[in-house]
Every structure is written in structure tokens, then in C-alpha cells.
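Peer 1: The following block contains a protein sequence and its predicted model.
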Amino acid sequence: MATVFQKCKTDEKSLNYPCPKNRCGHPWTVRYREPGGRGGRQREKSFDSRREAADFGIKVENDKRERSYLDPDLGRILVRDYAEDWLARRAVKDTTRANYARYIELHLGPHIGRKMLVSVTPRDIEIMCMALIAGGLSRRTVYHTLMAPLRALFRSAVAEKRISESPVTLAAIPKMKTKRLDEKSLPDGKDVRNIAKEIRSDWAISVWLMAGCGLRIGEVLAVRYADFDSGMLRLRRQFVRVKRSNGYKAELAPLKARDEGEWRDVPVPPFVWSAVERHVSQHGLGHEGYLLHAHHGGEVLDSNYRTEFKAAVKRAGYVDEPWTAHTLRHFFASSAIAGGVSLLEVSRWLGHATIQITADIYGHLTPDAGGRLRSVMDQVLTGVSVVGAESGNRAGSVLSPEAK
């Protein structure tokens, strides 16, 4: 059991011993043992008043019984040092590890890296977030992207009993909702064809694969001719850009939201397959059979591709449009949903981790939703079945060249 006493009354080594006063104002000491019975390490902690010391002693004994006791030494580690140790123990992709390391170096370290882990407060987290936004980062980047590793880091510290609760969980951090897609901001079929004409000819196949199959940039860069079979494209890996000592390199990695060895199949429209065959006959294949390759036959960096795509959009005359290569993925999803393909199927083809992600971004594009609601509610309110009610079918509106 914890004991409470004053050293000025009991410890001959104390500078205040012996103290003749009953209420002398000298510190009160709590002596207790860590979990482990008599084998537990003996500790002491001082307080200004007897009540504070007694309360602490009761708390320590309760924590030991409830197995929630925290070793105060475990929390006395710099956040920067703990973050590096934490990252070294994470089983994550190389690209994720590189992104987390850059986050620790550029953002976490300068703001709370020199603080002890146990001393970080929700206020510290809030101040760091506001400073990052003031420094030029977007609110979505700060509150969505950068908070993910920070939550995981402090969650790990809680699990290791270094701290009692996560300051990130207690901080006033707004939740960032997934942004719904504005389908009116997308290109139509004619626009896509114009972009495909303006991009360098040996990369034009990428436009059709992204617009017709919904591929991400890293995925389309890793497509091989051997991945096509019986009207389907089996995606196994993606290329990611990784910083090495001799510069940035394109390296293979598992698909997003999937582990090594997992894949997803995507239907290939006949037009896209014809474009693939035409591409192979005119431009050949690169290293290990990749459709897209640099002039020397090697892998294409996503940064180089983005630059070329942006230039092709401008050459096609769309100077004021904010279209990126990822816009073609939105084009695919919106066109599929407008054509009556279910959200579940679209989510599967896109490779989203959950259907909720698909629903949050594209759910409002479900065809006839407004027309069906008007028909149903009119029937309920009037008692009369409405035949041939307005449907408002938007199927094909995205794909149609006349839509714009």
C-alpha cells in the first residue's frame, strides 16, 4: 500500500529534519511500489499538501488493481524519438513509410517533436494544426491526411501505457467529409477524345484506360499486355514514386487498399481493347511488357505523366478547366452510374476500400432518383398511381458529346 509522510519529520537526511512544527508547510511524500508486488520498483512523489498526496496514493493503488497503472518514465520520451521508433515498427508499404517519415521531419518535429510524449496536450495539437494551415497547407491536408499518422502514433502510445489518453482524440479537430463530385465540372466524351489526340501518341492509350476502365495513374502505368484476358483487365500492382539516394524512381507496390498478392478485375470495353491492340502494333511494349514506357523503354514516373497530361489538356484548348488525369477516373464512375450501373459494381471496379466511399462521392448521381421520388410521393399524397411519371433519366449525359 502507498504510504504518505513528511520527510522533514522522519528522514534524518532531509534538510528540514527535525521539524518541530505540526503544520510546517513542507512537502508531503507518497511512497509506493509499481505493479509486481514486492518485486515492483519502489517510487516516491512529493506534493504540497497532504490531501494531494493521499489522493495520489489512492489513485496509484486503484490503477494497480485495475491494471491501468502507467509507468511515468515511459512517457518521458521526446515525441520525435518515439515517432521514429514507432515508424520503424510499422508494417506499412515503402511509400507509406516514406510519407510518414517526411511528415515527422517536416511537420511533427518542428511543432511538438521536442516535447515529452506525456506532456503533449490537445491544445498543442490544435495549435500545430492552425500553424500548418497558416503555413500554406489546406485544411483537408491537415485535418484528413496528416492527422491519420498522428492518431495512429498516439493510439499506439496509449496501448503501450505510455500515456493515459490520446491528445489527438481530445483535440477539437473538425471531421473532413468526403466531397461529392460535381458531375457538371467533368469533361464529356468529345473532350476525352480531344485530350487523347493531344497527349503524346505513345501515351494516348492511358487516356482510354483511365476513362474507360477507371484506373488510377499508378495503375495505368503498371498495366502489361499480359494482364488482359477475355474482356477483363486484372490489376495486380501499381507504380509509385519513391525517393532514393540517386533521385526519384518508379517502383512496384500493391494496389491501394489491398495487400501484396491481391488484385482486382475490371471489364474492358471493346473500344478500349481495340485501342490497346492498336497501341501495341504502333508503339510496341516497354520493359517487361508494360504498355506505357519512356523513350528508353523504362518505367514512367507519375510526376512526368501528370505534367504531360496537363500540357495535353491545354493543347486541346481547355485552358480554364482544372482537369487532371484523376478526372478521367471520375468520368468513368459518373458515366457508369448515369448509365444504370449499380454503386456496388462501380465500387468494385474502382477498387474502393468500402462502398461507403463510392456512395459519398458518387451516390447523388444515381439515375432517376429524383424522378422516382417525385412519382412515389405524388402517389402517396394523392392516392393516384402516376403512370409515366417524369423520370429525369440522366443516363449517358456524361458520355454524350452534346451534353456540354
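Peer 2: Done, it's in.

Peer 1: Dihedrals phi and psi, the most centrally placed residue in the chain?
Peer 2: The chain has Thr145 as the residue nearest its centroid, 5.2 Å off, counting by Cα atoms, centre = their mean. Per-residue torsions, Thr145: phi -70, psi -50 (degrees, to the nearest 10).

Peer 1: can you pull out the helices in the stretch 51-200 of the chain?
Peer 2: 79-88, 94-103, 109-112, 122-134, 139-140, 147-159, 167-170, 189-198 (DSSP state H, counting those that start in this stretch).

Peer 1: shaky segments in the stretch 301-404 of the chain?
Peer 2: The stretch 301-404 of the chain contains residues with pLDDT under 70 at 367-373, 384-404.

Peer 1: Could you save the helices of the stretch 51-200 of the chain as TSV and add columns showing distance to Val300?
Peer 2: All C-beta spots, glycine's among them, are computed from the backbone N, C-alpha and C. Output for these, formatted as TSV (distance: least, Cβ to Cβ, whole Å):
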stretch	distance to Val300
helix 79-88	29
helix 94-103	16
helix 109-112	33
helix 122-134	32
helix 139-140	28
helix 147-159	28
helix 167-170	38
helix 189-198	17
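
Peer 1: mind giving me JSON lines with the ones you listed and columns for mean pLDDT and mean neighbour count?
Peer 2: Converted to JSON lines, the helices of the stretch 51-200 of the chain look like this (pLDDT from 0 to 100; neighbours: other Cβ atoms under 10 Å):
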{"stretch": "helix 79-88", "mean pLDDT": "93", "mean neighbour count": "18"}
{"stretch": "helix 94-103", "mean pLDDT": "84", "mean neighbour count": "16"}
{"stretch": "helix 109-112", "mean pLDDT": "92", "mean neighbour count": "17"}
{"stretch": "helix 122-134", "mean pLDDT": "93", "mean neighbour count": "16"}
{"stretch": "helix 139-140", "mean pLDDT": "84", "mean neighbour count": "12"}
{"stretch": "helix 147-159", "mean pLDDT": "91", "mean neighbour count": "18"}
{"stretch": "helix 167-170", "mean pLDDT": "91", "mean neighbour count": "17"}
{"stretch": "helix 189-198", "mean pLDDT": "94", "mean neighbour count": "19"}
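
Peer 1: Looking at those, which is nearest to Ala311?
Peer 2: helix 189-198 (8.2 Å; Cβ to Cβ).

Peer 1: What distance do you get for Gln350 to Pro322?
Peer 2: Just so we're on the same page, residue 350 is Leu rather than Gln. 21 Å (Cβ to Cβ, to the nearest Å).

Peer 1: Which one's more surrounded, these two?
Peer 2: More crowded of Leu350 and Pro322, by other Cβ atoms under 10 Å: Leu350, with 23 against 9.

Peer 1: List the contacts of the more buried one.
Peer 2: 214, 329, 332-333, 358 (Cβ atoms under 8 Å, 6 or more residues apart in numbering).

Peer 1: That one and Lys249, how far apart?
Peer 2: Between Leu350 and Lys249 the distance is 27 Å, computed by Cβ to Cβ.

Peer 1: Where do the domain boundaries of this structure fall?
Peer 2: Domain segmentation of the chain under automatic domain parsing yields 3-65, 79-170, 186-324.

Peer 1: could you dump those domains to a markdown table with distance to Ala338?
Peer 2: Converted to a markdown table, the domains of the chain look like this (distance: least, Cβ to Cβ, whole Å):
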| stretch | distance to Ala338 |
| --- | --- |
| domain 3-65 | 59 |
| domain 79-170 | 27 |
| domain 186-324 | 10 |
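
Peer 1: Quick check: which of the helices of the stretch 51-200 of the chain is nearest to His293?
Peer 2: Of all these, helix 189-198 sits nearest to His293, with 17.9 Å by Cβ to Cβ.

Peer 1: and the closest one, what does it pack onto?
Peer 2: When contacts are defined as 3 or more Cβ pairs under 8 Å, 6 or more residues apart in numbering; DSSP states H and E, helix 189-198 sits against helix 204-213, helix 302-315.

Peer 1: Phi, psi for the residue nearest to Arg41 when sequence neighbours are not counted please.
Peer 2: Distances taken as Cβ to Cβ, 6 or more residues apart in numbering put Glu34 closest to Arg41, at 4.8 Å, once the chain neighbours are dropped. The phi and psi values for Glu34, taken as degrees, to the nearest 10, are phi -70, psi 160.

Peer 1: Could you report the pLDDT at Glu34?
Peer 2: Glu34 carries a pLDDT value of 77.

Peer 1: ok, how many other residues are close to it?
Peer 2: 16.

Peer 1: Of all the residues in stretch 356-363, which ones are buried?
Peer 2: 358-362 (16 or more other Cβ atoms under 10 Å).

Peer 1: ditto for stretch 323-339
Peer 2: So for stretch 323-339, counting by 16+ other Cβ under 10 Å, buried means 323, 325, 327-338.

Peer 1: Turn those residues into CSV, including secondary structure and distance to Leu108.
Peer 2: Below are those laid out as CSV (DSSP: H, G, I helix; E, B strand; the rest coil; distance: Cβ to Cβ, whole Å):
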residue, secondary structure, distance to Leu108
Trp323, coil, 34
Ala325, helix, 30
Thr327, helix, 32
Leu328, helix, 35
Arg329, helix, 31
His330, helix, 32
Phe331, helix, 37
Phe332, helix, 37
Ala333, helix, 34
Ser334, helix, 37
Ser335, helix, 41
Ala336, helix, 40
Ile337, helix, 39
Ala338, helix, 43
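
Peer 1: quick revisit: got the helices and strands packed on helix 189-198 as TSV, with distance to Arg102 and mean neighbour count columns?
Peer 2: Formatted as TSV, these follow (distance: least, Cβ to Cβ, whole Å; neighbours: other Cβ atoms under 10 Å):
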stretch	distance to Arg102	mean neighbour count
helix 204-213	27	24
helix 302-315	15	17
